[in-house]
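In: give me a model of this one.
(2 chains)
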Amino acid sequence: QKEVEQDPGPLSVPEGAIVSLNCTYSNSAFQYFMWYRQYSRKGPELLMYTYSSGNKEDGRFTAQVDKSSKYISLFIRDSQPSDSATYLCAMSIGFQKLVFGTGTRLLVSP
Amino acid sequence: DTAVSQTPKYLVTQMGNDKSIKCEQNLGHDTMYWYKQDSKKFLKIMFSYNNKELIINETVPNRFSPKSPDKAHLNLHINSLELGDSAVYFCASSQDGTVGEQYFGPGTRLTVT
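Out: Just a heads-up that it's a prediction; the model follows:
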């Protein structure tokens, strides 16, 4: 079993929809939780960075962490075709290495 | 102005050859990383260096040898290439204490035939 599980998708939604992307993890020692976006043939770029449990909002993006359930989510409001990409969750224990999920491919159709 | 750059972008080579990938960052970061992304998009860390010192060395065959001539550069040399080495290799960097905030290069797509 992988440390971090993520549905690979693809997840197809119409423009304007609310998107929910999720990851589950097995190691309760993870403290830092990140979401990276990766466009095709590009490197990942950091979207959201949260510490411990709770919510964090940045524009159309909201990250949620539920440490009791070992579950993290990324919500995208008013999704746009330009949001079409692969979304990778990542987490770390302190300042150790990042452990990534396998990524969920999102397709937003106009 | 490119933050993290890698060369080459594409690399096609035959089994048994030796090849190198170069990485440079102009962000002034102290820590640099090498990742391998397989065909299923799974991104896994291989190495990390902090101020030219090896910090993380995952279970990677010793055919892979990173070298950091200074804190702005981290190169990856691969000996005796195998078919299973085909992947996209990403370099990344971060400032001390911000392992979660990594800046990735554009990747090097390695194909071993």
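In: show me what the most centrally placed residue in chain B bridges to in the sheet.
Out: Against the mean C-alpha coordinate of chain B, by CA atoms, centre = their mean, the closest residue is B:Trp34 at 3.1 Å. For B:Trp34, the beta-bridge partners under DSSP bridges are B:Phe47, B:Cys91.
In: against B:Pro106, how distant is it?
Out: For B:Trp34, the distance to B:Pro106 (CB to CB, to the nearest Å) stands at 14 Å. The C-beta positions use only the backbone N, C-alpha and C, and glycine is treated the same way.
In: quick one: the lowest-mean-pLDDT helix or strand in chain B near chain A?
Out: When each helix and strand of chain B is scored by mean pLDDT, DSSP states H and E, strand B:53-57 comes last, with a mean of 86. Yes - using CB under 8 Å from any CB of the partner chain, we find that strand B:53-57 touches chain A at B:Ile56.
In: paired strands for that strand, with orientation please.
Out: Determined by DSSP bridges, the sheet partners of strand B:53-57 are strand B:43-50 (antiparallel).
In: can I get the strand it pairs with in PDB, CA atoms only?
Out: Extracted C-alpha coordinates of strand B:43-50, given in PDB (Å, rounded to 0.1, in the frame of the first residue of the first chain):
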ATOM      1  CA  LEU B  43       6.800  11.500  -8.600                       C
ATOM      2  CA  LYS B  44       9.500  10.000  -6.300                       C
ATOM      3  CA  ILE B  45      12.400  11.700  -4.700                       C
ATOM      4  CA  MET B  46      15.900  10.300  -5.500                       C
ATOM      5  CA  PHE B  47      18.400  12.700  -3.900                       C
ATOM      6  CA  SER B  48      18.600  16.000  -2.100                       C
ATOM      7  CA  TYR B  49      21.500  18.200  -1.400                       C
ATOM      8  CA  ASN B  50      21.800  21.100   1.100                       C
END
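In: if we can go back for a sec, surely the residue nearest to the centre of chain B is in contact with B:Leu76?
Out: Yes - between B:Trp34 and B:Leu76 there is a contact under CB atoms under 8 Å: 5.3 Å.
In: mind listing the shared neighbours of these two?
Out: Here B:Trp34 and B:Leu76 have B:Cys23, B:Met46, B:Phe47, B:Pro66, B:Tyr89, B:Cys91 as joint contacts, going by CB atoms under 8 Å, 6 or more residues apart in numbering or on different chains.
In: what sits against A:Gly94?
Out: Here A:Gly94 is in contact with A:Gln31, A:Tyr32 (CB under 8 Å, 6+ apart).
In: now do it against A:Ala29, distance only.
Out: Relative to A:Ala29, and taking CB to CB, A:Gly94 is found at 9 Å.
In: next: A:Val108.
Out: A:Val108 is 35 Å from A:Ala29, by CB to CB.
In: between those two, which one's more packed in?
Out: Neighbour count, other CB atoms under 10 Å in any protein chain shown: between A:Val108 and A:Ala29, A:Val108 has more, with 20 against 10.
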